[in-house]
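Peer 1: Coordinates for the following, if possible.
(chains A, B and C, ligands or ions: 4)
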Amino acid sequence: MKKIEINPMTRLEGHGKIAVFLDDNGNVDEAFFQVVEFRGFEKFLQGLPIEEVPRTVSTICGVCRGVHFTAAMKASDGVYGVKPTETARKLREMFFNAHYVEDHAVILYALGFPDFVVGPGAPAGERNVIGLINAVGTEIGREVLRKRGLAVKIFELLGGKPNHPVAALPGGWSKTINEDERKQIEAWSEELVELGQLTVKIFGDVVLNNPGYMELVTGDMYKVPVNYLGSVDANDKIALYDGTQKFVDVNGKETGRFTGIEYIDYISERVLPWTYLKMPYQKKTGWKGIVEGEGTALYSVGPLARFNVASGMDTPLADIEYKKFFDTFGVRPVHNIMGYHWARAIELLNCAEKIRILAKDPSITAQDNRAPLGECTGEGVGIIEAPRGTLIHHYNTDEKGIVTDANIVVATTHNKGPINLAVRKAAKHFIKDGNVDEAILNHVEMAYRPYDLCLGCATHATKPGSSPVKIEIFNSKKEPVQTLKNY
Amino acid sequence: MSFTPNIVGFACQWCTYAGADLAGNLRAKYPPSVKLIKVPCSGRVKPEYVLEAFARGADGVLVGGCHFGDCHYKDGNYKTKNRTDMLSQLLEDMGFDPRRFRQEWISGAEGQKFAQVITEFTEELQELGPNPLGGQE
Amino acid sequence: MADKVKVGFLLLGGCAGCEMAVVDLSEKLVDVLQHIEVVFWAPTAADVKYTDLESMEDGFIDVAFIDGMVRLDEHIHMANVMRKKAKTVIAFGVCAALGGTAGMGSLHDKNDLFEKAFKNTPTTDNPDGVFPQPQCLVDGKYDLTLPAYEDKVRTLNQIIDVDYYIGGCPPHHDHVAAAVTALLTGNMPPKGSWITNGKAVCDVCERNPAGKENGQGRAMVNQILRTIEGEPDKEICLLQQGYLCFGPITQGDCGGLCLKVNIPCRGCGGPIPGNHDYGAQALSTIGSIIKNEEITHQLMEKYPNLAKFFYRYALPSGTLPRRM
Ligand code: SF4
Ligand code: SF4
Ligand code: SF4
Ligand code: FES
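Peer 2: Numbering: from 1, shown residues only, chains lettered A, B, ... in the order given. Ligands and ions are numbered 1, 2, ... in the order given. So this is what the prediction gives:
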């Protein structure tokens, strides 16, 4: 049996690699997505005061720089039995939406779009953000980076730092804003809405109007039918900062809802000896292995999952695009993982609109940023929708709020199973009769990029290539017979 | 069990160091386990020195200073006390037995006390056994 | 522009936040890219990059930025390869320089970390009680490998020779811009130095009592408050108010960011020059500004794990770098 290793240096909260096994005819027998890193946060958070946890767990991931922070902060509300003040809640939401804008922008412009704008079969050296800038023009590139930078500025102004924020307090937010700051944010938010509209437009112009790409978007090779998990508000619209968690099955039928601590009745994580990342599945269905389709216990989270569980978006411009999305696919739920990129673009617009709404509200400058703490309850669960999907932080503390135990279920973790499915499927579709070339290799890579794990690829700048991927093919004696690389 | 522990003693020149001298003059009996380092004031002992001594394999570390009110620099020993208490806790957090770290107030007139402290500390360290780091780090 | 500076980025055991600080240069990034050529930018993954880097000639890269701490055998390996290929190596961010937050992992046995994550959480399902293995044969035929987990976290300079250090978790993008300018203009400090403005966080903090017109300078701290207690005055020094702040001992290249949102410094900038053991120095400095024993005990009660308090970002660089 031949083994092909794709070491794409993907990053999630760690790194990953893909191993593809070919049978004697050179066709794909099996494929594995492995996560090769582990840092042990759940243990070493023990002994920290709960209010010090958000700024510390933030370092789980520097790309989703605001999400672990926010989830841990919400958990700390629970530990002190406190509801944040109105002002604190608005500031938190504004901060969180700013994070969404800059994060989705990075993922789309640096990671998703190059495949389409520059073309999936283009030389590797061009299939990156620089190639993208060349394709759309330096001026647009500069402008996109500048506008995204405004979201980072809002994030820093409110959170304290441009990455790994610090302003969390149980029941509050340590920073209040004045009228000047509000006006400034309002002005920036106009530009962010423009960025959202531009992003949706680029996706439309480049992908939706190109039949070749539409085949990739709607075709079967990138279709991974699984269950979906996402959060909705009281009106069944997508809720990012605070909502109810809702499961739908492969047919789009609601199969469960939970909030807070109930998550432990709905989610289990399987330990597998070949990866440092556990593989979550629906507890009520039970472990069925890495399989797709009707009856599978695996589920996806993230933009596409949110689109599939909800019935709309809570801002006007984004809601129009949301409808267009489902009109185009003509089915529900959408299992085509390229839909992730499109949904992401629409979410970016949604979050920009939200910042604008919050910034226009003059009451956001109120100074009641801290609610008085209640008795320490000793337990708190914080659940949010991270850009990559549902994120759960669960803490136990002693009576003084010192952490005694932690459980963190990370967004990318939920997608572990589906990613493995996607990779296997794409590998089977594109690698035939031992035939492996660079374009095929990138198509396989494109199977996990929608789940947006890969910053290394994202930020790859110039030669020798975008995401450096190398495939080595070995014969049965483990001697290398062929090497392919895109750098 | 009967190993001779290696104790590093940081001794304030105005009191504990003088106390050790006096112990010698009195021919007080105590085990030859301590190597004294003369410091201008116990407040001059950086926590880092204590950690360094352990990292290099010391079985015990003693910081000796003047009694409260007697410090030549007024509040040096108050700072010492604040640090010692935290440092003991820090050592414990790091899985290191804090009994290996002692801080004592011994004046220049307390030769007997010096001998007694060293004797007790030595016995305690004999019970604890050698520094698990053994000078590895 | 024939002579662009060749730059490489390598992520070891970190969160990539440091690399995001480069992306956060925003439109400035477009300008920077006119002067540098990024020849390698990869999060670590197994021996691929090894061979990729190996194929470059030694010293091919002018400047390598390495972020993240060292925990896997693969990290050690990659760091060594990068060292050979790069003329100058920069430990980029506090993980690479001092170990970072994940360095607190060294306060627990490797086995305890695994037990917690892979056996003892309420959602874990591990019927066979397995841990991830460096080598594993799945279904009797698929041979899969994982990098091996070292028993403690290490800083970059415990593995390879480091030319420069940049603090911060991550470094602020303005600090990154300043460092890049220094690099491009050849205006660098002596080898082995931190690239820093040389000021402490207190020096750049507007609350600094020493800088106040009416200031009486520093007073002893006579109470200890967690950030959840009371409400800090927005102008007065937090440390003075009892909110323990590491500003006095931390490099202030961030511009005192945390203080601007009323939150105390926890030291991500790294130690001001001359200190080699951040946590020991933090303990010492805080110890000397606390009024008395009673207040010290208040501190120990409120922050019961002092190792994780004083060494939040720096444990692996400490004199005792791990659990004993
Ligand atoms: S220093 Fe901070 S931002 Fe940089 S890799 Fe480490 S944890 Fe991430
Ligand atoms: S101790 Fe903290 S709050 Fe006080 S001046 Fe220094 S940095 Fe500012
Ligand atoms: S104030 Fe301290 S903790 Fe905050 S960013 Fe600056 S150095 Fe880091
Ligand atoms: S002079 Fe002896 S302790 Fe200060």
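Peer 1: number of nearby residues for the residue lying closest to residue C:4 once chain neighbours are set aside?
Peer 2: Leaving aside its sequence neighbours, residue C:4 sits nearest to residue C:37 (CB to CB, 6 or more residues apart in numbering or on different chains; 4.1 Å). Any C-beta I mention is one placed from the backbone N, CA and C, and that applies to glycine too. Close neighbours of residue C:37, defined as other CB atoms under 10 Å in any protein chain shown, add up to 17.
Peer 1: same check, this time on residue C:174
Peer 2: Neighbour count of residue C:174, defined by other CB under 10 Å: 16.
Peer 1: so it is in which element?
Peer 2: Using DSSP states H and E, residue C:174 falls within helix C:173-184.
Peer 1: does that helix come close to ligand 1?
Peer 2: No: shown here: helix C:173-184 not in contact with ligand 1 (CB under 6 Å from any ligand atom), separated by at least 11.2 Å.
Peer 1: what residues does that helix touch?
Peer 2: With contacts defined as CB atoms under 8 Å, 6 or more residues apart in numbering or on different chains, helix C:173-184 is touched by A:162, C:5, C:21-22, C:24-26, C:28, C:32, C:35-36, C:63, C:90, C:166, C:168, C:171, C:187-188, C:195, C:197, C:253-255.
Peer 1: Please repeat the previous calculation with a cut-off of 6 Å.
Peer 2: Here helix C:173-184 makes contact (CB atoms under 6 Å, 6 or more residues apart in numbering or on different chains) with C:21, C:24-25, C:35, C:166, C:188, C:195, C:253.
Peer 1: now do stretch A:21-29
Peer 2: For stretch A:21-29, the external contacting residues (CB under 6 Å, 6+ apart) are A:1-3, A:20, A:30, A:427-428, A:431, A:433-434, C:142.
Peer 1: looking at those residues, which has the most residues close by?
Peer 2: Ranked by neighbour count (other CB under 10 Å), the contacts of stretch A:21-29 have residue A:427 at the top, with 26 neighbours.
Peer 1: Now do the same for that residue: helix, strand or coil?
Peer 2: Counting by DSSP: H, G, I helix; E, B strand; the rest coil, the backbone at residue A:427 sits in helix.
Peer 1: I'd assumed residue A:31 was in contact with it.
Peer 2: Yes: using CB atoms under 6 Å, residue A:427 is in contact with residue A:31, at 4.6 Å.
Peer 1: could the contacts of stretch A:21-29 be laid out in JSON lines, adding secondary structure and pLDDT?
Peer 2: As requested, those are exported to JSON lines (DSSP: H, G, I helix; E, B strand; the rest coil; pLDDT from 0 to 100):
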{"residue": "A:1", "secondary structure": "coil", "pLDDT": "63"}
{"residue": "A:2", "secondary structure": "strand", "pLDDT": "68"}
{"residue": "A:3", "secondary structure": "strand", "pLDDT": "70"}
{"residue": "A:20", "secondary structure": "strand", "pLDDT": "77"}
{"residue": "A:30", "secondary structure": "strand", "pLDDT": "78"}
{"residue": "A:427", "secondary structure": "helix", "pLDDT": "77"}
{"residue": "A:428", "secondary structure": "helix", "pLDDT": "80"}
{"residue": "A:431", "secondary structure": "coil", "pLDDT": "76"}
{"residue": "A:433", "secondary structure": "coil", "pLDDT": "76"}
{"residue": "A:434", "secondary structure": "coil", "pLDDT": "71"}
{"residue": "C:142", "secondary structure": "strand", "pLDDT": "80"}
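Peer 1: from the residues you listed, which two are the most distant?
Peer 2: The most widely separated members of the contacts of stretch A:21-29, counting by CB to CB, are A:433 and C:142 (20.6 Å).
Peer 1: Wasn't residue C:37 part of a helix?
Peer 2: No: looking at residue C:37 with three-state DSSP, it is strand, so not inside a helix.
Peer 1: Enumerate every residue touching the residue nearest the centre of chain B.
Peer 2: Of all residues in chain B, the one closest to the mean position by CA atoms, centre = their mean is residue B:62, 0.8 Å from it. Residue B:62 sits next to B:7, B:9, B:102 when contact means CB under 6 Å, 6+ apart.
Peer 1: how about a cut-off of 7 Å?
Peer 2: Residues in contact with residue B:62 (CB atoms under 7 Å, 6 or more residues apart in numbering or on different chains) are B:7, B:9, B:34, B:102, B:104, B:121.
Peer 1: and it, helix, strand or coil?
Peer 2: strand.
Peer 1: give the contact list for the closest residue to it other than its chain neighbours.
Peer 2: Leaving aside its sequence neighbours, residue B:62 sits nearest to residue B:9 (CB to CB, 6+ apart; 4.2 Å). Neighbouring residues of residue B:9 by CB under 7 Å, 6+ apart: B:34-37, B:62, B:64.
Peer 1: Now for the nearest residue to residue C:56 once chain neighbours are set aside, how many residues are close by?
Peer 2: Residue nearest to residue C:56 in three dimensions, not counting chain neighbours: residue C:85, with 5.1 Å by CB to CB, 6+ apart. As a burial measure, residue C:85 scores 24 neighbours (other CB under 10 Å).
Peer 1: pLDDT at the residue nearest to residue C:4, what is it?
Peer 2: Per-residue confidence at residue C:37 stands at 81 (pLDDT).
Peer 1: Look up which residues are beta-bridged to it.
Peer 2: residue C:6 (DSSP bridges).
Peer 1: And the helices in chain B, which stretches?
Peer 2: Along chain B, the stretches classed as helices by DSSP state H are B:16-25, B:47-55, B:76-93, B:111-128.
Peer 1: Contacts made by the shortest one with the rest, please.
Peer 2: So the one you mean is helix B:47-55. Here helix B:47-55 has contacts from B:8, B:10, B:61, B:83, B:87, B:96, B:101, B:131, B:133, B:137, C:277, C:280-281, C:283-284, C:319-320, using CB under 7 Å, 6+ apart.
Peer 1: Please pull out the lowest mean pLDDT helix or strand from chain C.
Peer 2: Every helix and strand in chain C was compared by mean pLDDT, DSSP states H and E; the lowest is helix C:46-54, with a mean of 51.
Peer 1: C-terminal to that one, what's the next element?
Peer 2: In the C-terminal direction, the helix or strand that comes right after helix C:46-54 (DSSP H and E) is strand C:61-67.
Peer 1: re the thing from before, list residues touching both of residue A:427 and residue A:31?
Peer 2: Each of residue A:20 lies in contact with both residue A:427 and residue A:31 under the rule CB under 7 Å, 6+ apart.
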